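Novice: Quick one, fold the following:
(one chain, ligands or ions: 1)
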Amino acid sequence: MKHWNEECAVVGVYNVENASILSYYSLFAMQHRGQEASGISASNGSKIATIKNTGLVTKIFTEKRLSKLQGRSSIGHNRYSTAGEDSINDTQPIFARYDLGEMAIAHNGNLTNAKQVRQMLINEGAIFQSHLDTENLIHLIARSKKQSLTDRIIDALGQVDGAYCFIFLSRTKMFAIRDRYGLRPLSLGKIQNQDGSTGYIVASESCAFDLVGAEFVREVRAGEMLIFDGAYSLSDNQPKSIQVFEPKEHPCVFEHVYFARPDSNVFGHNVYKARKQMGIELAKEHKIEADMVIPVPDSGVAAALGYSKQSGIDFELGLIRNHYVGRTFIEPTQQQRELKVRLKLNPIAELIAGKDIIVIDDSVVRGTTSKQIIKILRQAGARKIHLLISSPPTISPCFYGVDTPHKTELICANKSIEEVRKYIGADSLGFLSIDGLMRSLGDENKPMCKACFDEVYIDDFTNDFRNDLTGANPCVSC
Ligand code: SF4
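Specialist: Here you go, the predicted structure:
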């Protein structure tokens, strides 16, 4: 069930005919990471063209529009965040002309010192056109005293903190960079061109590769910059790699819990298998007698299958999801909130009436959705309802590119598990432990960001930024 807001997708395609069409299909494959806006920039070698707008990928890009994005290199972006007032200006890629030519940038993540950097740039006379922290990079690159674009990008990156996967496009080159923590996923793939040359693709999720026929090569390393430049990368079958920062790997564990598509491989694990294992660990930690286990679709399905496998309790699809629900034009009164959940989920009363059921969901944020789900299952006649969550209690917001509510709105940060159980109306409530979550990823000691579960933020996290945040939508990049 969707209760976290995704955190953008980026793609870059290099040395492929009609590169923008591959960017289009890749963005379509990664639509789950952002549905607010989408954009593609393409270079024909002498000029960069950009088309972007609000809405879904298929709505924005017609065949005619894509035909205007000519060239063998292209970058693209799907955006979630509603932060910012001018939604068109706040879409990506951001395009700019500067003394070295033209560039376009796509960014997934959140720069934690963006406010300070922006103020410094404004004090020096910079004029901003958007509310995006990504625009800081444009100014830092344009103002850098270094000679080459590569050195200017490195210079600019040295002045920003936080989570990022950046893809830069110049008229002839493409750059892909992952922050030193590797918080957000970014993978490299290659494409065999008909003329025997090699094309490249970098994308937030590997599911994009499958759709465009690309072969997965490897993940971009934390702190690494890949440079795609026809002058050398096409001859040795590899883009040039520069380790810009010493890696301090802390990838986001929530990619596995909720964000990434089950058919993607991120941080060395297949997402579907990881979620199923979370269900297995959940069954080991919470042994419950019931007639069936049902998922909250879609993100609870794999964990429910895992729970069923481990416990021997039948798996059933007791809740059916309507995938065609768009925006709902309803005010948040109690009755209307119920309608909102009912528009998305409908129980099969004939299946669950009179039965003891285990319901598996991926997380609890405010608790309102869980409460509504329990209510509609009770109305459908369920006798006992045990809610099990395939992640630990969410007790702290994310500052690394995921749009989460403020801590005061996170129910598990403010109530005990028993109080939460009473609030949502379940007969029992259980969460996967942090150790169980890490076991399901194969290594309890693997360094990963789990800050929304344990409140341990990565080391040089900017405290000013954290203290500044008073409400939802902390992410201002994507
Ligand atoms: S705080 Fe949570 S959502 Fe944000 S990067 Fe860390 S694990 Fe991921």
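
Novice: near the ligand, anything from stretch 426-438?
Specialist: No - Stretch 426-438 lies out of reach of the ligand by Cβ under 6 Å from any ligand atom, never closer than 10.2 Å. C-beta: built from backbone N, CA, C; applies to glycine.

Novice: please renumber so the chain begins at 19
Specialist: With the count now opening at 19, the last piece we talked about shows up as stretch 444-456.

Novice: the residue most distant from the middle of the protein, which is it?
Specialist: Gly372 (38.9 Å; Cα atoms, centre = their mean).

Novice: wait, that residue sits on Gly399?
Specialist: Yes - look at Gly372 against Gly399 with Cβ atoms under 8 Å: they come within range, at 6.0 Å.

Novice: Pull the contacting residues for the closest residue to Pro313 other than its chain neighbours.
Specialist: Nearest residue to Pro313 in three dimensions, chain neighbours excluded: Ala322, at 3.6 Å (Cβ to Cβ, 6 or more residues apart in numbering). Residues in contact with Ala322 (Cβ atoms under 8 Å, 6 or more residues apart in numbering) are Gly297, Val311, Ile312, Pro313, Phe333, Ile378.

Novice: Which positions in the stretch 319-468 of the chain make contact with the ligand?
Specialist: Residues of the stretch 319-468 of the chain lying near the ligand (Cβ under 6 Å from any ligand atom): Cys416, Tyr418, Val420, Cys467, Lys468.

Novice: Taking those residues, tell me the two that lie furthest apart.
Specialist: Spatial extent of these (Cβ to Cβ) is set by the pair Val420 and Lys468 at 12.9 Å.

Novice: The two - which one has more neighbours?
Specialist: Higher neighbour count among Val420 and Lys468: Val420, with 28 against 19, using other Cβ atoms under 10 Å.

Novice: Can you give me the neighbour number for the closest residue to that one other than its chain neighbours?
Specialist: Leaving aside its sequence neighbours, Val420 sits nearest to Glu25 (Cβ to Cβ, 6+ apart; 4.6 Å). Number of residues near Glu25 (other Cβ under 10 Å) recorded here: 31.

Novice: now swap in Gly200 and tell me
Specialist: 26.

Novice: The residue in the stretch 169-318 of the chain positioned nearest to the ligand bridge partners, please.
Specialist: Per Cβ to the nearest ligand atom, Cys270 is where the stretch 169-318 of the chain lies closest to the ligand, at 3.1 Å. Beta-bridge pairing for Cys270 (DSSP bridges): Cys467.

Novice: Does it touch Arg202 like I think?
Specialist: Yes - the pair Cys270 / Arg202 is scored as a contact, 6.5 Å apart, by Cβ under 8 Å.

Novice: Please name the bridge partners of Ile219.
Specialist: Going by DSSP bridges, Ile219 forms beta bridges with Val31, Gly207.

Novice: which stretches of the chain have low pLDDT?
Specialist: 19-24, 99-104, 249-255, 343-356, 477-496 (pLDDT under 70).

Novice: got the contact list for the residue of the stretch 169-318 of the chain closest to the ligand?
Specialist: Counting by Cβ under 8 Å, 6+ apart, Cys270 touches Ala181, Leu201, Arg202, Phe277, Cys416, Tyr418, Val420, Met466, Cys467.

Novice: Which residues belonging to the strand ranked longest in the chain are considered buried?
Specialist: In the chain, assigned by DSSP state E, the strand with the most residues is strand 119-129. Within strand 119-129, the residues that count as buried by 16 or more other Cβ atoms under 10 Å are Glu120, Met121, Ala122, Ile123, Ala124, His125, Asn126, Gly127, Asn128, Leu129.
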